[in-house]
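Below are the sequence and a predicted model for it; my questions follow.
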Amino acid sequence: IKNIIKNPGKTAREFIDGNRVNHYKPILLTFVLSGIATFLTYKVLGLREIMSAYYENNHMSSKFANDLLSFLSTYTSILMLALVPFFALATKIAFKKYGHNYFEHIVINSYFLSFYTIFSIIFIYPILFIFKNNSPETSLIITQLSMLVVPILLVWFFKEFYPEKKLKNIIINVLISFGLVILGYLLL
């Protein structure tokens with residue numbers, strides 16, 4: 001975890017290049033961190049109740065929609081874990097010139113998800129905890145603003161993973177992969 005915090009992309013690159021002795025298995029680490037994040041959002045932050053109250057106050061048209069949105073807001077880590085194969089496909093397409101196969105992109109995205117989960121546990125969850133007794137809108141705004149940091153973290157991660165590539169190319173490829181994820185979401 002210390003290596004992921006300091007050098008997330010470099011850690012993933014070392015693992016893919018064969019230096020596996022000093023690294024925890026990335027997919028297993030992602031499962032463990034997602035479990036910790038889910039526990040924190042559900043038990044410590046009470047995000048399900050906060051989001052449920054928010055959606056009820058905004059007169060959601062159905063109980064099912066309210067429950068679904070509350071579930072997705074609470075279990076974001078589990079949802080992102082389930083979507084790693086899709087994210088891997090998006091980054092494989094966007095970074096196809098750089099020569100890594102699909103399974104390596106699954107490892108890359110597992111490391112990124114671990115990095116993002118650690119970032120959330122260290123920075124986002126304490127902020128949500130401080131403001132959890134405020135209005136539900138505050139928690140929703142904090143959660144939505146935290147998603148704005150994802151492209152920045154992706155650029156940082158991939159710049160460390162591909163240190164020989166120009167920053168401009170990394171940014172373009174991250175935007176392409178982000179666009180593919182959004183397109184896939186809209187199609188779904």
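Received the coordinates, thanks.

what's L40 in contact with, if anything?
With contact taken as CB atoms under 8 Å, 6 or more residues apart in numbering, L40 is in contact with I121, Y125. Heads up, the C-betas are built off the backbone N, CA and C, glycines and all.

residue ranges of the helices in this structure, please?
2-6, 8-16, 26-39, 47-57, 63-74, 76-82, 84-94, 102-119, 125-130, 136-147, 150-161, 167-187 (DSSP state H).

In JSON lines, list those helices along with mean pLDDT.
Converted to JSON lines, the helices of the chain look like this (pLDDT from 0 to 100):
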{"stretch": "helix 2-6", "mean pLDDT": "86"}
{"stretch": "helix 8-16", "mean pLDDT": "89"}
{"stretch": "helix 26-39", "mean pLDDT": "85"}
{"stretch": "helix 47-57", "mean pLDDT": "66"}
{"stretch": "helix 63-74", "mean pLDDT": "63"}
{"stretch": "helix 76-82", "mean pLDDT": "72"}
{"stretch": "helix 84-94", "mean pLDDT": "92"}
{"stretch": "helix 102-119", "mean pLDDT": "92"}
{"stretch": "helix 125-130", "mean pLDDT": "84"}
{"stretch": "helix 136-147", "mean pLDDT": "76"}
{"stretch": "helix 150-161", "mean pLDDT": "92"}
{"stretch": "helix 167-187", "mean pLDDT": "90"}
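
Can you add mean neighbour count and give these back as CSV?
Below are the helices of the chain laid out as CSV (neighbours: other CB atoms under 10 Å):
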stretch, mean neighbour count
helix 2-6, 14
helix 8-16, 21
helix 26-39, 18
helix 47-57, 19
helix 63-74, 15
helix 76-82, 18
helix 84-94, 20
helix 102-119, 22
helix 125-130, 16
helix 136-147, 16
helix 150-161, 18
helix 167-187, 15
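
give me phi/psi at Y24?
phi -70, psi 150 (degrees, to the nearest 10).

Once you drop chain neighbours, what's closest to it?
In space, and not counting its chain neighbours, Y24 is closest to I1: 7.9 Å by CB to CB, 6 or more residues apart in numbering.

what's near enough to touch that neighbour?
Y24, L29, S114, I118.

any chance of these in JSON lines, plus distance to A88?
Listed next are these as JSON lines, based on distance: CB to CB, whole Å:
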{"residue": "Y24", "distance to A88": "19"}
{"residue": "L29", "distance to A88": "16"}
{"residue": "S114", "distance to A88": "14"}
{"residue": "I118", "distance to A88": "19"}
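
Please identify which of those is nearest to L188.
Within the contacts of I1, proximity to L188 (CB to CB) peaks at S114, which comes in at 24.3 Å.

From K25, how far off is the closest one?
11 Å (CB to CB, to the nearest Å).
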